[in-house]
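1. Whatever this is, show me its structure:
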Amino acid sequence: MNGPALQDRPSASASWRIALPHTAAAVPVARALVRTALAELEHAADSDTAELLTAELVANAVEHTAGSGPIELVVELLPSGCQVEVHDPDPAPPGDLTKPRTTDPDPWQEHGRGLLLIRALSSSCGHRPTESGKAVWFRLPVIPAQRKSA
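-> Predicted coordinates:
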């Protein structure tokens with residue numbers, strides 16, 4: 001068999017929801033929470049990619065939304081992979097997340113690549129309105145476990 005057997009995958013979903021401060025300090029906290037969630041359950045989604053994309057979502061929420069209220073991180077582990085959402089108070093859509101950019105990011109600027117990374121590295125991504133603003137999300141699929149050498 002080339003991939004993990006169905007019984008090797010999590011059979012039920014698990015989820016976490018946590019409020020984070022609306023500051024840059026939320027980024028490393030969110031990365032650590034995603035890493036821990038994926039590692040503790042030995043979930044087979046790529047935790048490095050999940051951490052990177054989570055950091056991008058949280059950084060965008062902190063930088064591009066007004067207010068001092070918390071943002072919310074939601075991590076859901078499913079048999080098919082994981083979904084990460086970041087909820088913020090701004091109802092405006094997140095720029096060019098779901099449509100391709102017409103121009104390349106300026107190579108001399110340090111900003112402008114986060115949503116491009118999310119689109120490129122996730123299996124799907126998007127946003128949806130919530131009662132208090134919006135949720136921006138991405139999904140990563142289960143990846144096959146590496147076979148251990150004998």
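2. Give me the residues contacting stretch 80-89.
-> Stretch 80-89 is contacted by residues 30, 34, 37-38, 43, 45, 50, 53-54, 57-58, 60-61, 65-67, 69, 71-76, 123, 130, 132-142 when judged by C-beta atoms under 8 Å, 6 or more residues apart in numbering. For every residue, glycine as well, the C-beta is placed using N, CA and C.
3. Just these: which are in helices?
-> Members of the contacts of stretch 80-89 lying in helices (criterion: DSSP state H): Ala30, Val34, Ala37, Leu38, Ala50, Leu53, Thr54, Leu57, Val58, Asn60, Ala61.
4. how many other residues sit next to the last one?
-> Using other C-beta atoms under 10 Å, the number of residues around Ala61 comes to 26.
5. Does it touch Val136 like I think?
-> Yes. Taking C-beta atoms under 8 Å as the definition, Ala61 is a contact partner of Val136 at 7.3 Å.
6. can you pull out the strands in the chain?
-> Taking DSSP state E to define them, one finds strands in the chain at 14-20, 71-78, 81-88, 124-130, 133-141.
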